[in-house]
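Chemist: Build me a model from this:
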Amino acid sequence: MTLEETHGQEPVPAGSDWMQGAGKALHELLVSAQRRGCLTAGVYESAKLMNVDPDNVAFCVLAADEEDEGDIALQIHFTLIQAFCCENDIDIVRVNDVTKLAAVVGPSEEDGEPRDLHCILITNPNEDGWKDPALEKLNFFCEESRNVNEWVPTITLPE
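Modeler: Here you go, the predicted structure:
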């Protein structure tokens, strides 16, 4: 008997369509958030924003390549960010391809400095909240993932 059977829950669809849909929604959300000025990139910048205004954070993306998996300091930052997001009901996903992420949001700042894309926060632009269909799809995806005890699901961005 699996955990899902014990609790009477259906597992998250494991098909590639479900994952591709989440990847496409994440791509749309990142593009939309950047256009609206609601995207904060960087571990330090994200931690600062979460400390100052956690109620304004709508979604969190953690990104790491294989070579980043051995970076203990980065993993500690990820653990702290994940704990903060869980405590503040902020949905969070992981992306295992920083290069694809850079292709979506741009690899560098306006001043030419390389951008830290290990943590990206999507914020609400105003108090009314942000009704983005891609954000709603990702919120549903995260909720379904938590139903099968996958607290920080990994999403693959489309090509």
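Chemist: Count the neighbours of S145 for me.
Modeler: S145 is flanked by 20 other residues according to other CB atoms under 10 Å. C-betas here are computed from N, CA, C, even on glycine.
Chemist: Equivalent analysis for A22, please.
Modeler: Neighbourhood size, A22 [other CB under 10 Å]: 25.
Chemist: swap in D53?
Modeler: Burial of D53, expressed as a neighbour count using other CB under 10 Å, amounts to 11.
Chemist: Could you pull up the contacting residues of it?
Modeler: T123 (CB atoms under 8 Å, 6 or more residues apart in numbering).
Chemist: helices or strands up against the helix or strand encompassing R146?
Modeler: For R146, the element it lies in under DSSP states H and E is helix 133-147. Of the remaining helices and strands, those touching helix 133-147 by 3 or more CB pairs under 8 Å, 6 or more residues apart in numbering; DSSP states H and E are helix 16-36, strand 57-63, strand 91-95.
Chemist: got the contact list for the residue nearest to the spatial centre of the chain?
Modeler: Centre of the chain computed as the mean C-alpha position; nearest residue by CA atoms, centre = their mean is V61, 2.3 Å away. The neighbours of V61, taking CB under 8 Å, 6+ apart as the test, are L26, L30, I92, V93, R94, V95, L101, C119, I120, L121, I122.
Chemist: A41 contacts T123, doesn't it?
Modeler: No: in this structure, A41 sits apart from T123 without contact. The criterion is CB atoms under 8 Å, and the distance is 11.7 Å.
Chemist: quick one, which of those two is more surrounded?
Modeler: With neighbours defined as other CB under 10 Å, A41 and T123 compare such that A41 has more, 22 against 19.
Chemist: residues touching that one, list them.
Modeler: Taking CB under 8 Å, 6+ apart as the contact definition, A41 lies against V105, R115, D116, L117, C119, I120.
Chemist: Backbone dihedrals for it, please?
Modeler: With angles defined as degrees, to the nearest 10, A41 sits at phi -110, psi 140.
Chemist: N96 - how many residues pack around it?
Modeler: Neighbours of N96 under the rule other CB under 10 Å: 17.
Chemist: Look up how far P158 lies from it.
Modeler: Applying CB to CB, to the nearest Å, the value for N96 to P158 is 14 Å.
Chemist: before we move on, what about P54?
Modeler: For P54, the distance to P158 under the criterion CB to CB works out to 30 Å.
Chemist: Which one's more surrounded, these two?
Modeler: Neighbour count, other CB under 10 Å: between P54 and P158, P54 has more, with 15 against 12.
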